[in-house]
Structure formats: C-alpha cells, structure tokens
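Q: Sequence plus predicted model, see below.
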Amino acid sequence: MTSTNRKCSALTGSSRKTKDNAADWFNLMLRWNRLNDEGFNVAANIVNSKRSVYSTEPPLVVTSAGVSDSAPLQDDCRTLQDVVDKMVTIVTKMERLTASQSGVRALDDFRTQGEGHLFHGWSLTLYVSEVATATLLVDFRQELRLKQTILQEVAHTVTSDLGLVLLSGWLHQPFITDRTRLTVEALLMETGLRPL
Amino acid sequence: MSKLALSSLHQALQRSFASVDSSQKLWLGVLADCSPLMVSLGNLAEQAIALNNVQLSNTPLRDFPDLEDRLRFKLLQAIDTVLNRIHEKMSSLQSIRDTVTNQVSAVLRLYQQNAEDLDLHTVTQRSAVTPSVADMLEWLQDAERHYRQQFLKRKTLLHMLKADDLSLLEAAPKTWKSLESPSANEQITDTLCKVSFFMESR
C-alpha cells in the first residue's frame, strides 16, 4: 500500500512523515505476523521431535512442514534463532519509527510555538500518532521478549505440557492484542491511508 | 383417475429424490467443513489444559506475570471464534434438513390426498425401472429421519460444549466423529441408486 499512495499524494513535511510512518508500521506488522507463522512451524517441529525422543506419545501439533523422526534439532533451533533475529530487526525499526514520530511532533510544537495551529485537528493527529506508536512499541517489545524466552526454552523443555504452553504462547502472541491491531488501524485511518 | 393421481405422485417423488440427492451432497460438504473446525477446537482445549497444568511461576516464563491471563484470554477468544463458526455450519445443516423435511412431507400430503384413488395394488406395483410407490415413500421417510436425527445429535453435542468445560472440548473432535453414521449414508446412496432409472424416466 505504500508506493502508490506515496506517489499520488502531495503531502510534505510533518504530514508526509506521519503518513509514511503509519504505512511503515502496517508493513512491519505484516512482516512480523509472517515471521510468527514461520517461527511457529519450526518451534512445533522442535517440540515434536523432543517429544518423540522422550516418549511414544503422538506429536502435539502436526505442521505443514511435517515431522521427521531424526529431525536435526540443531538446524531447527538455528532457523528459529534466525526468525527471532529478524523480529529483533523489526522491533529496532519500530523503535526508530517511534523516535521519528515524536521528533516530528516536537518539531511541529517548536515551529508553531505561540502562533497557534493552522488546523486545530493537526496537532492532535500528531499527538495521537506519537502516543499510538509508543503503545505499539511497548506491545511489540514485550512480545519480542517472550519470543526470546521461548527460543531459549523450547529445545530444553522436559514436560510436554510446558512444551505445549510455549508453542501456544508463540502462536497466540499474548502481548499483541486486539488493541494493538486497532491502534494500527487507527493510525492508518487518521493519516488517510485507510479510507473511512 | 388413479392413473392421473399416480403420475402426479411420481412427479412429486422424482422432485423429492432430486432434492435428497442435492441435499446429501451439501450435507456431506458441510460436515467435511466441520471436522477441521472440531479438530482445532480440540487443539485449543488441549492448549488451555496444558496452561492449567503448568505452574508458570516455576518456569522461565515467570518473567511475564500477566502472561497466563493473557494467553488464557487469547485461547478462550479463539475457542469462541471456532464455536461460532461451527454454529454457522449448524444453521446450514438445519436448512438442509428443513428442505428435505418440507419436500418429503409435501409428497406424503399428496399421497394422503389421493389415497382413495390409489388402491393397494397400484401402490405396491413395481417394474424393472420403477420401484413401488410404497417403497419410495418409505425410503424418503428414512432419509428424512436420518437428517433429523443427525442434526439433533450434533446440535445436542454443540449445546453441551462450553468454553470453560475443557475436557469436553478436548474430546469434542472424537465425539463429533462418533456421531457419523456410515450405514445411513450408505443407505441414502443405495436409495438414490435404486431410483436412478425412475429419476430418468420422464
């Protein structure tokens, strides 16, 4: 949704920046979710192969990738590490976006000091965007922390219950809530990227 | 007079069997859509049970104090979503059942209206291509009863499933599968075979 929107609008300055940031958030979130699916399949493989070593119980989750008996656990762990590394990159980008958004707001405050705004709604949009990106960042940081913990634990779980809880925690992303999704939607709507 | 009654009854029977034919395909299609939903319901319940069994404060996840509540909420939400989708499927089953019931009761009504004109001989007479009216009415009623019972059984099962009764939810895919009745399905296929020549004769 970025390139065409960027070309056809003629925004400049703070508004341009705010709109781009919103689009970037949206794209980062899509990439995050793709990584989440990818990582889940790998994590499920790891848990299943652990399970088949310790017991004769059937695999917990059958993934599209399938379950191989002598699955090279090491490879899977490395793949999962890659996924988490990519997630770290995404969160770093999110941090940059958040910093840039509060920079935009600060600059705007400075420029309009004492003069009052051209539009009443404008400074509000900037303010809302700043707060929204900040809350989004909190959610994703926390989720990333959870993923890192799961990464460390998933190959060392002994009980199948804990293995399942780890998988479930990965899949359902407990820190990314409906509020997170709605906040991104709100950013898109506020900046006109999502038509009302 | 009896000839006229018989031919209109035959037409109604043909319509009913055609409706059973299409209903059966729809019915099996909807049931096929349901099984993966039931499986994911069982999976979600299993995850929630595991969450109950694990004392998170004794695991490395203790760094996330609100994780348990959040995860449980997400799981319940997901269970709710799946249950809703299954309920939607149930209403498709219900409307298929209603279609068959309406068709069959229309034929029976027609038969009863003309019962005086149709003597025992006419009703039981059959040929190489046309089964007797009595047989066909019986088959239709069998099929209709099958859909009614199946719907009721599945509806009852769904009625018992609640998001907080995890063990029942976990067993749901198996219970759901156990409600299948291959013999009744075979019987419907059989019936449709037996009337295939009759359906083509017009």
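A: Happy to help now that I have it.
Q: switch to C-alpha atoms for all contacts and neighbour counts from now on
A: Will do.
Q: what residue ranges in chain B score low on pLDDT?
A: Counting by pLDDT under 70, chain B shows low-confidence ranges at B:1, B:202.
Q: could you pull out the helices for it?
A: In chain B, the helices defined using DSSP state H lie at B:2-53, B:67-113, B:120-124, B:133-160, B:166-178, B:182-194, B:196-200.
Q: Does the second one pack against any helices or strands, and if so which?
A: For helix B:67-113, the helices and strands in contact under the criterion 3 or more Cα pairs under 8 Å, 6 or more residues apart in numbering or on different chains; DSSP states H and E are helix A:160-172, helix B:2-53, helix B:133-160.
Q: Can you lay out these as a markdown table showing distance to A:N41 and mean neighbour count?
A: Below are those laid out as a markdown table (distance: least, Cα to Cα, whole Å; neighbours: other Cα atoms under 10 Å in any protein chain shown):
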| stretch | distance to A:N41 | mean neighbour count |
| --- | --- | --- |
| helix A:160-172 | 9 | 23 |
| helix B:2-53 | 15 | 18 |
| helix B:133-160 | 30 | 17 |
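Q: Any chance of the ones you listed in TSV with distance to B:D117 as columns?
A: TSV is the format used below for these (distance: least, Cα to Cα, whole Å):
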stretch	distance to B:D117
helix A:160-172	68
helix B:2-53	5
helix B:133-160	13
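Q: ok, back up a step: in a markdown table: the helices of chain B, plus distance to A:Q142.
A: Below are the helices of chain B laid out as a markdown table (distance: least, Cα to Cα, whole Å):
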| stretch | distance to A:Q142 |
| --- | --- |
| helix B:2-53 | 20 |
| helix B:67-113 | 10 |
| helix B:120-124 | 76 |
| helix B:133-160 | 37 |
| helix B:166-178 | 28 |
| helix B:182-194 | 50 |
| helix B:196-200 | 64 |
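Q: Please identify which of the ones you listed is closest to A:L188.
A: Closest approach to A:L188 among the helices of chain B (Cα to Cα): helix B:67-113, 24.7 Å.
Q: What angle do helix B:133-160 and that closest one make with each other?
A: With axes from the mean of the first three to the mean of the last three Cα atoms, to 10 degrees applied, the angle from helix B:67-113 to helix B:133-160 works out at 160 degrees.
Q: can you point me to the longest helix in chain A?
A: helix A:13-54.
Q: ok and that helix relative to helix A:160-172, angle-wise?
A: For helix A:13-54 against helix A:160-172, the angle by the same axes, to 10 degrees is 160 degrees.
Q: Mind giving me the packing neighbours of helix A:13-54?
A: Where contact means 3+ Cα pairs under 8 Å, 6+ apart, helix A:13-54 is packed against helix A:2-8, helix A:73-111, helix A:120-154, helix A:160-172, helix A:178-190.
Q: and those, which one is worst for confidence?
A: Of all those, the minimum mean pLDDT falls on helix A:2-8 (a mean of 46).
Q: before we move on, back to that, for A:L124, find the nearest of the helices of chain B.
A: Judged by Cα to Cα, the one of the helices of chain B that comes nearest to A:L124 is helix B:67-113, at 31.3 Å.
Q: Return the distance of that closest one from the chain's centre.
A: Helix B:67-113 sits 9 Å away from the centroid of its parent chain (Cα atoms, centre = their mean, to the nearest Å).
Q: Next, the angle helix B:166-178 makes with that helix.
A: Here helix B:67-113 points in a direction 40 degrees away from that of helix B:166-178 (the same axes, to 10 degrees).
Q: and the angle from helix B:67-113 to helix A:120-154?
A: Going by the same axes, to 10 degrees, helix B:67-113 makes 100 degrees with helix A:120-154.
Q: What is the burial count for the closest residue to B:Q141 other than its chain neighbours?
A: Leaving aside its sequence neighbours, B:Q141 sits nearest to B:V104 (Cα to Cα, 6 or more residues apart in numbering or on different chains; 6.9 Å). Residues near B:V104, counting by other Cα atoms under 10 Å in any protein chain shown, number 24.
Q: for B:R72, same thing?
A: So B:R72, with other Cα under 10 Å, has 20 neighbours.
Q: okay but it is in contact with B:A48, surely?
A: Yes: assessed by Cα atoms under 8 Å, B:R72 is found in contact with B:A48 at 6.7 Å.
Q: for B:A50, what are its contacts?
A: For B:A50, the contact set (Cα atoms under 8 Å, 6 or more residues apart in numbering or on different chains) comprises A:D161, A:L162, A:L164, A:V165.
Q: For A:L167, see how far away it is.
A: 11 Å (Cα to Cα, to the nearest Å).
Q: got any residues that touch both of those two?
A: Between them, B:A50 and A:L167 share no contacting residue, judged by Cα under 8 Å, 6+ apart.
Q: Helix, strand or coil: sort out A:H156 for me.
A: Put simply, A:H156 is coil when judged by DSSP: H, G, I helix; E, B strand; the rest coil.
Q: Next, count neighbours for it.
A: Neighbour tally, A:H156, other Cα under 10 Å: 13.
Q: gap between it and chain B?
A: Using Cα to the nearest Cα, to the nearest Å, A:H156 is found at 11 Å from chain B.
Q: Any idea which of the helices and strands packed on helix B:67-113 gets closest to B:K177?
A: Minimum separation from B:K177 across the helices and strands packed on helix B:67-113 (Cα to Cα) falls at helix B:2-53, 7.9 Å.
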